[in-house]
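1. below are the sequence and a predicted model; questions follow.
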Amino acid sequence: MVCQKYFTLNNGAQMPAVGLGTWQSSEKDDTVYKAVKAALAAGYRHIDTAMMYGNEAEVGRGIRDGLKENGLKREDVFVTTKLAPIDARPEYVPRGFEDSFKRLDIGYIDLYLMHWPVAMNPETRQLFPLRPDGSRDVDEELKGRFEITWEAMEKLLDTGKVKSIGVANFSIPNLERLLKTAKVVPAVNQIELHPYLPQFKLVEFCKSKGIHCSAYSPLGSTQSTLFEDETLGKIAKSYNVSLAQILISWGVTRGSVLPKSVHPERIASNIETVELKDEEIQAINDISKTTTKRFIRPNWGVPVFDEDFE
């Protein structure tokens, strides 16, 4: 049965439990366009993209056509996109948002996230600007000052073009800093979450502050070793479902999840979650006692993850 569970954000907005992630989903050959349409046809009501993914235009086209083909209204679908680090300077935030808004062309954006607590040199307009020595070209003027980026994002709410704002990849230390000055508490913190990286402390901290945690790479991304895990395999076999479905079912016991696929059959099966027993949830929680792995860890040249502060 298709999961229709929703989470209520701190501003009252309703966020679907399972959404389609589109990172690494190409615009070429209508790949991401077809994936978005397949997701909407399968019952997904949340589509996640970002300026850095380079596919907002095709995601938007897929949403517009998917709405028509499935008799849906715009308000039936929750759409997330993100501010790139090269647009982190306060004066560039409105431009970055407007560019995404125009590329998507869907009337409004449900959730706009600060993609990373990092500002990169905006002058070259390269997504991952590098210095001559090969290091990340961090914006020295804004280094460690994501609070003023957030202040500029708060003003976007007055435009009526975005319903909620939030962050992504924020650690506890960075959230603590942000909350000291924020007028608007982030509605969401989108982070890497799966059994090898359950981030218990971060999830509990966010919960205590009214910040919803949304999981990207809930299947472990392209280099995932989660599909070889014996505990997950046994549970999947007991329900006669895919191991991916178990990962997603576990994920929605903690927050929303954003599995990525461009294959219609996998897209359809990923949203078919099962009701896990308490002992099964605990068994999955315990996996990280012996196996831990962060699959997504770019070197930004500044502290980002919780372990960077230890």
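-> Noted; the coordinates are in hand.
2. need the contact list for residue 135.
-> Going by CB atoms under 8 Å, 6 or more residues apart in numbering, residue 135 touches residue 301. In this view, the C-beta of every residue, glycine as well, is placed from N, C-alpha and C.
3. what's the pLDDT at it?
-> Per-residue confidence (pLDDT) for residue 135: 77.
4. same check on residue 26?
-> Reading off the model, residue 26 has pLDDT 66.
5. and for the one 10 residues further on?
-> We note a pLDDT of 97 for residue 36 in this prediction.
6. in the protein, which spans are strands?
-> Along the chain, counting by DSSP state E, strands occupy 6-8, 14-16, 20-21, 46-48, 78-83, 109-114, 162-168, 188-192, 212-216, 256-258.
7. out of those strands, which is the most enclosed?
-> With neighbours defined as mean count of other CB atoms under 10 Å, those peak in mean count at strand 20-21, which reaches a mean of 29.
8. residue 173 touches residue 306, doesn't it?
-> Yes. Residue 173 is within contact range of residue 306, at 7.2 Å (criterion: CB atoms under 8 Å).
9. now do residue 14 against residue 49, distance only.
-> Using CB to CB, to the nearest Å, we find residue 14 at a distance of 19 Å from residue 49.
10. swap that for residue 59, sorry
-> In terms of CB to CB, residue 59 sits 4 Å off from residue 49.
11. how about residue 109?
-> 10 Å.
12. pull up the overlap in contacts between these two.
-> 79, 80, 81.
13. could these be laid out in a markdown table, adding distance to residue 198 and pLDDT?
-> A markdown table is the format used below for the shared contacts of residue 109 and residue 49 (distance: CB to CB, whole Å; pLDDT from 0 to 100):
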| residue | distance to residue 198 | pLDDT |
| --- | --- | --- |
| 79 | 27 | 98 |
| 80 | 22 | 98 |
| 81 | 26 | 98 |
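14. closest one of the residues you listed to residue 226?
-> Ranked by distance to residue 226 (CB to CB), these are led by residue 80 at 23.5 Å.
15. any stretches of the protein with poor pLDDT?
-> Applying pLDDT under 70 to the chain flags the ranges 1-3, 26-27.
16. ok, residue 15 touching residue 190?
-> No. Applying CB under 8 Å as the test, residue 15 and residue 190 come out as separate, 10.9 Å apart.
17. what's the overlap in contacts for these two?
-> residue 214.
18. quick one: residues contacting residue 120.
-> 84, 85, 86, 88, 128, 129, 136, 137, 138, 139, 300.
19. please pick the buried ones from the residues you listed.
-> 84, 85, 86, 88, 129, 136, 137, 138, 139, 300 (16 or more other CB atoms under 10 Å).
20. with these in mind, which one is nearest to residue 36?
-> Among the buried ones among the contacts of residue 120, and counting by CB to CB, the member closest to residue 36 is residue 84, at 20.4 Å.
21. what's the angle from the longest helix belonging to the chain to strand 78-83?
-> For the chain, the longest helix by residue count, based on DSSP state H, is helix 56-69. Per axes from the mean of the first three to the mean of the last three CA atoms, to 10 degrees, the angle that helix 56-69 makes with strand 78-83 is 170 degrees.
22. return the distance of helix 56-69 from the chain's centre.
-> 19 Å (CA atoms, centre = their mean, to the nearest Å).
23. when you give positions from now on, start the count at 714
-> Yes, from this point I'll number from 714; that puts the last item at helix 769-782.
24. report all helices and strands that it contacts.
-> For helix 769-782, the packing partners by 3 or more CB pairs under 8 Å, 6 or more residues apart in numbering; DSSP states H and E come out as helix 744-755, strand 759-761, helix 806-817.
25. show me where the stretch 814-963 of the chain has its helices.
-> 859-869, 885-894, 913-921, 943-952, 956-964 (DSSP state H, counting those that start in this stretch).
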